[in-house]
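>>> all I have is the shape, not the residue letters:
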């Protein structure tokens, strides 16, 4: 016979697992973002480079956008880090946006005549979190044409 306290504990565990799986699912991938390509250009007002995802605050026409970069390992592998960016720089972010708020997830960033591609066709990493210590065989960034 299951006691009421055991039943409550099982129920709480099931609810917790369901919430965690939804949170993990919405965090990874582009589930909350539109499928259409989206681009914005603005001035960097703040940024964070670290796990799990680096983030840039971008001022665009009086609105601050949350610009989420690829996973930290991918971002570092693309040579886009805190040494490249400074508050006051202008960047163009390319990716996908959340329809109802000023938020986007990037696939590429243009900065100072260079294109930093977080998901290039020749990126050897097949998983979501690239190893920042692996050896680079191709270019670190691409010149903007």
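On my side now, so go ahead. On a predicted model such as this, the values are computed, not experimentally measured, just so you know. Numbers count the residues shown, from 1 in each chain.
>>> name the next helix or strand downstream of the lowest-mean-pLDDT helix or strand in the chain, please.
None of the helices or strands of the chain scores lower by mean pLDDT, DSSP states H and E than helix 4-27, at a mean of 47. Counting by DSSP states H and E, the element after helix 4-27 in chain order, helix or strand, is strand 38-48.
>>> so what strands line up beside that following strand?
Using DSSP bridges, the strands paired with strand 38-48 are strand 55-60 (antiparallel), strand 90-97 (antiparallel).
>>> and among those, the most buried is which?
strand 90-97 (a mean of 20; mean count of other CB atoms under 10 Å). Heads up, the C-betas are built off the backbone N, CA and C, glycines and all.
>>> where does the chain dip in pLDDT?
For the chain, the stretches flagged by pLDDT under 70 are 1-30, 121-145.
>>> 50 instead?
12-27, 124-129 (pLDDT under 50).
>>> domain map for it?
Split into domains by automatic domain parsing, the chain comes to 1-31, 38-143.
>>> report how many residues lie close to residue 37.
Neighbourhood size, residue 37 [other CB atoms under 10 Å]: 11.
>>> I meant to write residue 51 there.
The number of residues near residue 51, taken as other CB under 10 Å, comes to 9.
>>> I appreciate the help and will end here.
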